[in-house]
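Asks: My questions are about this predicted structure, shown below with the sequence.
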Amino acid sequence: MRFGKLIVKDKTGADIELRSAIETDAEDLLKYLKVTNTESPYLICEPEEITMTVEEEKAFIARKTEAGRELLLLAFADGRHIGNCSLMSVGNSVRYKHRCMIAIALYREYCGRGIGRLMLGTVLDEAKKSGYEQAELEVVTENEGAVALYESLGFVKCGLLPNSMRYKDGSTVDSYWMIKEL
């Protein structure tokens, strides 16, 4: 799905540009994945697991752009890529077509400025316009700020996934499964 450029204001009054990913963003996206997975223990992989090439990332972006009901929304501050919010189909079968998955992450320095809320609101609006009726996400239970944000947007906890992530040191964390009716 393509999403045109939208300029919004964060809590500091700074202009934040939201738009679809394009193939020339591939290098920035790979860097972003490695950095954000280093900055946060709440994302799904270790930085060294990000092994996609720039060409593979370009192909991924192209698939998202061509998909009628999926979106890779990027945020920019002063021309710098600062975060992503993804809208993904759960499945294309008749029985799953009403469901979508949402995922989001920002560089740590941009957290707490309301950018995540702006991105999520935009993606949820696009999900509804695309015919989805239910948005879903998984969030580590210890990520209290994210849980509070999702609840404030109408997501409800509907399940606990015990030991959903195992870290290199062998410790585990639980996650909530959260759903929002659109």
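Replies: Right, received. Where do you want to start? Residues are numbered from 1 along each chain as shown.

Asks: C-alpha from now on. contacts and neighbour counts both.
Replies: Fine.

Asks: Helices along the protein, start to end?
Replies: Along the chain, the stretches classed as helices by DSSP state H are 26-39, 54-66, 115-129, 144-152.

Asks: what's the most buried one of those helices?
Replies: Greatest average neighbour count among the helices of the chain goes to helix 115-129 (a mean of 19), per mean count of other Cα atoms under 10 Å.

Asks: hmm, back to that, nearest to Arg99, of the helices of the chain?
Replies: helix 115-129 (9.3 Å; Cα to Cα).

Asks: Bridged to the residue most central in space within the chain, which residues?
Replies: Geometric centre of the chain, nearest residue: Ile104, 2.2 Å, by Cα atoms, centre = their mean. Ile104 has the following beta-bridge partners by DSSP bridges: Cys85.

Asks: ok, now how distant is it from Gly170?
Replies: 25 Å (Cα to Cα, to the nearest Å).

Asks: same check, this time on Leu29
Replies: In terms of Cα to Cα, Leu29 sits 29 Å off from Gly170.

Asks: next one: Leu73
Replies: 33 Å.

Asks: between those two, who's got more neighbours?
Replies: More neighbours surround Leu73 than the other of Leu73 and Gly170, with 26 against 7 (other Cα atoms under 10 Å).
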